[in-house]
Structures are given as structure tokens and as C-alpha cells.
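Participant: Any chance you could fold what I've pasted below:
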Amino acid sequence: MTSLARNARIAGGLYLLLIVAAPWRLLYIPDTLFVAGDATATANNIAAHETLFRLGMVADLFSGAIGFFLALALYRLLKEVSFKHAVLMVMLGLMPDIIYYVNILNDFAALILVRGADFLAVFDKPQRDALAMLFLRMHSQEIVAAEVFWGLWLFPLAILVFRSGFLPRFIGIWLMLNGIAYLTLSFAGMLLPQYTDLLSGIVFPAQLGEVALMLWLVIMGAKRRTADIAVGDLAGAAALQVQ
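Facilitator: As a prediction, this is how the structure comes out:
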């Protein structure tokens, strides 16, 4: 296996881990434990399934760590295509990971309120439940902010994939659309939250661009085109003749 293929498999494996882990706190925990508009029911669910809620927190921390290593793996894979775009990709790609680690504090705060520590005795239970819901809402709003960087980092990644010569160009185009979809959802969440669910259904196909890249890296890997290899061989032969 060439170094190019090995780097592609590593990046694909990390992408797979991220895609598996990230939805746990992002989708599964809210759908399972949170009750829209009912702070008491939500707090009671978290208290009754505390381990499940804590696993969601661990999933966020794990996703942040994997995102960091994924950005570096993609940098190793694509830096020769364009160094400046690869650096930009890493810089933008690390921002959501930082938000993950800051955002986990909101879940910790919500859990402390739900458990009702002694120093919180000054608040009655409905007040603690309302405060816990506030921190959960703050968590959701920080995810909306993170979507900006989920979208922005895909633009340099899309350019790198499109120009690489060893990955399909259609995936590069798909990633560009994926980035636009994330930005659309983020700004809709901030400016027009009532349309977020509608827009999510519309842009969902575009959001599969990252899944397409992950599957290609895991299944197909990366291999330079025959023409590129031939050019490299001719260059090597020419260098030997000069010597």
C-alpha cells in the first residue's frame, strides 16, 4: 500500500468514527430525553437516564478529539495539492472542535442543576429545571454557531478534493454544496428559526457530501491516475540521465 493510499484510509477511518459518534449528542440524546417546552419533564428524563446523558457528553468530547485528528489526516493527504488551502482547511476545521469542548460546560451545568446539589437549595425544583433547560438551549445555540465552521471548512476541502487528481471531482462539488447547506442552516437558525426544520429537509441531500467522501476514502482509498504516474516515471528517468 502506497503512502497516499494509507493516508486516505486513515482519514476515511477517522471520518467514519466522527460520523458515527457525533449524532449521539447532536440527535439521539435530544430526541430521547428532551421534551420541547417542558423543562420539568426534560429534567426528570435526564435524572432518570443520567448515564445516557453522560454518554452524550462523552460523545461530544470524543467527536472533538476525532475532529482534530481528522483535520490533520486530511492535511497529510491533501497538502501537496495546495499548501495554502490545506492550512486554511485545518484552521477552519479545528474551530468546531473548540466549540465542542466549550459547549460541554452547558451540559455539565444542566446536569448539576438536575441533580440538585446542596448549594442549590436556595432554588426550588421548578427554578432549577428552568435553568437546566436554559443551559440545554445554550448548547443548541452553540451548535448553530458551530455550523458556520462546519460549512466554511468544507470549501477549502472541496477545492483540494476537486484538484487532487486522486479523488473524484464530483465529491469536491458535493462538498461545496454541503458547505453551503451548513451555512444556510446556521444563518436560518439565527435569523429565521421557524424555517429551520423546513430547510433541513430541503438541504439534506447536499449534507451527504461528507458521507460520500468518507465512503470513498474507506472503500476506494486514493490512487494517482495512470497519466500522473507516467509523468512521474518520465521525470525520474530524465533525472537519472542527467546524473
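
Participant: Surely L88 touches P156?
Facilitator: Yes - assessed by Cβ atoms under 8 Å, L88 is found in contact with P156 at 4.5 Å. Glycine gets a C-beta too; all of them are placed from N, C-alpha and C.

Participant: Neighbour count for these two, which is higher?
Facilitator: P156 (24 against 18; other Cβ atoms under 10 Å).

Participant: ok, the more buried one - contacts?
Facilitator: Residues in contact with P156 (Cβ atoms under 8 Å, 6 or more residues apart in numbering) are 85-86, 88-89, 92.

Participant: now those as JSON lines including secondary structure and distance to L217?
Facilitator: Formatted as JSON lines, the contacts of P156 follow (DSSP: H, G, I helix; E, B strand; the rest coil; distance: Cβ to Cβ, whole Å):
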{"residue": "H85", "secondary structure": "helix", "distance to L217": "18"}
{"residue": "A86", "secondary structure": "helix", "distance to L217": "16"}
{"residue": "L88", "secondary structure": "helix", "distance to L217": "20"}
{"residue": "M89", "secondary structure": "helix", "distance to L217": "15"}
{"residue": "L92", "secondary structure": "helix", "distance to L217": "19"}
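
Participant: follow-up on the earlier one: which neighbours do L88 and P156 have in common?
Facilitator: In contact with both L88 and P156: no residue, using Cβ under 8 Å, 6+ apart.

Participant: quick one: R6 from A222, how far?
Facilitator: Noted for R6: a distance of 9 Å to A222, by Cβ to Cβ, to the nearest Å.

Participant: More neighbours: these two, which one.
Facilitator: Per other Cβ under 10 Å, whichever of R6 and A222 has more neighbours is A222, with 21 against 14.

Participant: Which helix or which strand is home to that one?
Facilitator: For A222, there is no host helix or strand (DSSP states H and E).

Participant: Give the closest residue to it in space, chain neighbours not counted.
Facilitator: A8 (3.6 Å; Cβ to Cβ, 6 or more residues apart in numbering).

Participant: Over to G64?
Facilitator: In space, G64 is closest to Y100, 3.5 Å off (Cβ to Cβ, 6+ apart).

Participant: Following the chain onward from the strand or helix carrying that neighbour, which element is next?
Facilitator: Element membership of Y100, judged by DSSP H and E, is helix 83-115. Sequence-wise, the next helix or strand downstream of helix 83-115 (DSSP H and E) is helix 125-152.

Participant: and that next one, average pLDDT?
Facilitator: Helix 125-152 carries an average pLDDT of 93.
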